[in-house]
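Student: output the structure for:
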Amino acid sequence: LGKGILGLTLECAKCHDHKYDQLSQKNYFEIYSFFNNVDEKGLQKTAGDAFRKEYFADAPFMTITDKETVGVLSFINKAEGKDVNVMVMNDSLPRTTYIFDRGEYDSPGEEVSPNAPEFILPFSEKLPKNRLGLAQWITDENNPLTSRVFVNRIWGMLFGSGLVVTSEDFGVQGSLPSHPQLLDWLAKDFMEHDWDIKYLLKKIMLSATYQQSSIATEESKKADPDNKWLSRAPRFRMSGEIIRDYVLATSGLLNKEIGGPSVKPYQPPGLWEETTAGTNRGGLTSYVQDEGDKLYRRSLYTLWKRTLPPPSMSIFDAPNRDICEVRRQKTNTPLQALALQNDVQMLEAARVLAENTIAETKDSQQWVTAVFQRILVRNPKEEEKKVLEEYYTDALDNFLNNKENAEKLIAQGEYKRLDTDPAKTAALMLTAQVIYNLDETITKE
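Tutor: Now for the predicted structure:
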């Protein structure tokens, strides 16, 4: 809530008054008290029981009908004509909340009640002292933080860096906005259009600023080396999730289903077993890979074990989720290149794209161009086309002389094979893999 929505290091005030911002320890526990009334049993016995629902309190449900899925609840994945029950969080009788001395749970001190920091926006007496009231306070048009923080995060997602670089910290220790009037205007405009995220994205992406070229001229580099003043379009490596989803989408493998439980795509065998302490860990002892369409769901749905996050995501700087991390680091390491070249999901995507191209494009002279267009959404330049076609020809000659290697290569992944020539498929698969490894493919520019 503090970092992600309000852009404040609220957690600093758990043990003491904030050293820099106007957040007191009392402020922290007043906000904490909004959440200190959830009716839950909590996990009991062993970690293996995490998959047994009888160890948790019975959750209240709300029934969603066809009519209700038109509008705000359109994200609900529901078959037409069939009502679905959606779990909601219930409130118990309000618990008494205390300020913990130095943040220690066994040292309760002064009693506090639900409230929000007045220096941000006084909590209206008309609002209920529960999570609904807190949500209304957060989205109040007079709240100076929420809209600015969210707009800034979307800006950072599109430009690689927010107008406020420290997107997780709008406090005294955070950076000042590079374009304060622009941030104010975007925040106000966002609220006036019903907090419509699609509207906000379209607004920014249709701007002349966003549509600039990312080529850094000598004049631009001299006047604006860090692109702080937006003299050119942004250029940065995409996140691991976006790279994986992009590869799946361009290959034709992506499962676009919305909602549902987490899935377990490919990952090297034995990792969970190596990090499991003890034997009685239930469903967390060993990694059982999913099958079928579950392997190709968006990365959003990948199961996340905090003691061992998905390795392909970790290689591309995904946070381990131990703490809230609003702003990710971006690195460029040899391991990332190795993952793109050897990960079974990447190899399978290249194979499926090659098979589909061969099956759908009768003219073999157009195969390389078709793959290039599919991945990079543009026509190849003559020099690029020449290099890639020579690469394809060399690979084809190699596989024609060693069909066993071709068969081994195109056996990657569980997606069903098409009846295409193994040597041609393997050669085009390697060509597709080269294009997937291009800097242009994994970089937003």
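
Student: only C-alpha atoms from now on, for both contacts and neighbour counts.
Tutor: Noted.

Student: now Pro234: which helix or strand?
Tutor: Secondary structure here is read from DSSP states H and E; on that basis Pro234 sits in neither a helix nor a strand.

Student: touching, it and Lys228? I think so.
Tutor: No - at 10.2 Å, Pro234 does not count as touching Lys228 under the criterion of C-alpha atoms under 8 Å.

Student: out of the two, which sits in the busier spot?
Tutor: The residue with the greater number of neighbours, taking Pro234 and Lys228 and applying other C-alpha atoms under 10 Å, is Pro234; the counts read 22 against 15.

Student: mind checking pLDDT for the more buried one?
Tutor: With respect to pLDDT, Pro234 has a value of 88.

Student: do the same with Ala47
Tutor: The predicted structure scores Ala47 at 46 on the pLDDT scale.

Student: check which element follows the lengthiest helix in the chain along the chain.
Tutor: Counting by DSSP state H, the longest helix found in the chain is helix 382-401. Stepping forward along the backbone from helix 382-401, the first helix or strand reached (DSSP H and E) is helix 403-409.

Student: now the helix or strand following that following helix: mean pLDDT?
Tutor: Of the helices and strands lying after helix 403-409 in sequence (DSSP H and E), the nearest is helix 422-436. Confidence over helix 422-436 (mean pLDDT, whole number) is 97.

Student: can you give me the buried ones in the helix or strand that helix 422-436 is followed by?
Tutor: Past helix 422-436, further along toward the C-terminus, the next helix or strand under DSSP H and E is helix 439-442. Taking 16 or more other C-alpha atoms under 10 Å as the neighbour-count basis, helix 439-442 is seen to contain the buried residues Thr441, Ile442.

Student: distance from the chain centre to helix 439-442, please.
Tutor: 19 Å (C-alpha atoms, centre = their mean, to the nearest Å).

Student: hmm, who's touching that helix?
Tutor: Contacts of helix 439-442 with the rest of the structure, by C-alpha atoms under 8 Å, 6 or more residues apart in numbering, involve Arg237, Met238, Ile243, Ile375, Leu376, Ile435, Tyr436.

Student: and stretch 65-75, by the same measure?
Tutor: Here stretch 65-75 has contacts from Ile76, Glu80, Gly81, Lys82, Asp83, Val84, Ile258, using C-alpha under 8 Å, 6+ apart.

Student: stretch 101-113 too?
Tutor: Lys14, Cys15, His16, Lys26, Phe29, Glu30, Ser33, Thr96, Thr97, Tyr98, Ile99, Phe100.

Student: quick one: what helix or strand has Ala208 in it?
Tutor: Element membership of Ala208, judged by DSSP H and E, is empty: it is in no helix or strand.

Student: meant to ask about Tyr199
Tutor: Assessed by DSSP H and E, Tyr199 sits inside helix 197-205.

Student: can you point out the buried residues in the helix or strand just after that helix?
Tutor: For helix 197-205, the following helix or strand on the C-terminal side (DSSP H and E) is helix 218-223. Judged by neighbour count using 16+ other C-alpha under 10 Å, the buried positions of helix 218-223 are Ser220.

Student: where do the helices sit along the stretch 51-200 of the chain?
Tutor: 131-138, 146-159, 180-192, 197-205 (DSSP state H, counting those that start in this stretch).

Student: Ala406: which of those helices is closest?
Tutor: With C-alpha to C-alpha as the measure, helix 146-159 is the member of those nearest Ala406 (40.2 Å).

Student: for that closest one, name the packing helices and strands.
Tutor: Secondary structure elements in contact with helix 146-159, counted by 3 or more C-alpha pairs under 8 Å, 6 or more residues apart in numbering; DSSP states H and E, are helix 180-192, helix 197-205.

Student: okay, the ones you listed, which one's buried deepest?
Tutor: Mean neighbours per residue, mean count of other C-alpha atoms under 10 Å, is largest over these for helix 180-192, with a mean of 16.

Student: just checking, Ser175 touches Thr166?
Tutor: Yes - with contacts counted by C-alpha under 8 Å, Ser175 reaches Thr166, the gap being 5.8 Å.

Student: how close does Gln211 sit to Ala187?
Tutor: Gln211 sits 21 Å away from Ala187, going by C-alpha to C-alpha, to the nearest Å.

Student: what ranges do the strands span in the chain?
Tutor: Here the chain has its strands, by DSSP state E, at 61-64, 84-87, 97-100, 108-112, 236-237, 443-444.

Student: going by mean pLDDT, which of these comes out lowest?
Tutor: Looking across these, the weakest by mean pLDDT turns out to be strand 84-87, at a mean of 72.

Student: for it, packing partners?
Tutor: Other elements packing on strand 84-87 under the criterion 3+ C-alpha pairs under 8 Å, 6+ apart are strand 61-64.

Student: the strand it packs on pairs with which strands, parallel or anti?
Tutor: Sheet pairing for strand 61-64, assigned by DSSP bridges, gives strand 84-87 (antiparallel).

Student: can you give me the helices for the stretch 201-350 of the chain?
Tutor: Counting by DSSP H, counting those that start in this stretch, residue ranges of the helices within the stretch 201-350 of the chain are 218-223, 240-251, 271-275, 311-315, 334-342, 344-360.

Student: list the buried residues of the third one.
Tutor: If you call a residue buried by 16+ other C-alpha under 10 Å, then helix 271-275 has these buried ones: Trp272.

Student: on that earlier part again, which one of the contacts of helix 439-442 has the most neighbours?
Tutor: That'd be Tyr436 among the contacts of helix 439-442, by other C-alpha under 10 Å, with 25 neighbours.

Student: about what we covered before: any chance of a PyMOL selection covering the buried ones in the contacts of stretch 65-75?
Tutor: Burial among the contacts of stretch 65-75 is assessed by 16+ other C-alpha under 10 Å; the matching PyMOL selection reads:
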select buried, resi 76+84
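
Student: ok, of the contacts of stretch 65-75, which one's closest to Glu382?
Tutor: Looking at the contacts of stretch 65-75 and their distance to Glu382, the nearest is Ile258, at 40.4 Å (C-alpha to C-alpha).

Student: residue contacts, the residue lying closest to that closest one once chain neighbours are set aside?
Tutor: For Ile258, the nearest residue in space outside its immediate sequence neighbours is Asn77; the separation is 6.0 Å by C-alpha to C-alpha, 6 or more residues apart in numbering. Taking C-alpha under 8 Å, 6+ apart as the contact definition, Asn77 lies against Ile258, Gly259, Gly260.

Student: okay, Asn77: pLDDT?
Tutor: Model confidence at Asn77, given as pLDDT, is 71.

Student: same question for the one 3 residues further on.
Tutor: In this prediction, Glu80 carries a pLDDT score of 76.

Student: now stretch 296-304, how far from the centre of its chain.
Tutor: Distance, centroid of stretch 296-304 to centroid of chain: 10 Å (C-alpha atoms, centre = their mean).

Student: residues contacting that stretch, please?
Tutor: Contacts with stretch 296-304, where a contact means C-alpha under 8 Å, 6+ apart, come from 241-242, 244-245, 248, 253-257, 261-265, 310.

Student: what pLDDT, on average, does that stretch get?
Tutor: Mean predicted lDDT for stretch 296-304 stands at 95.
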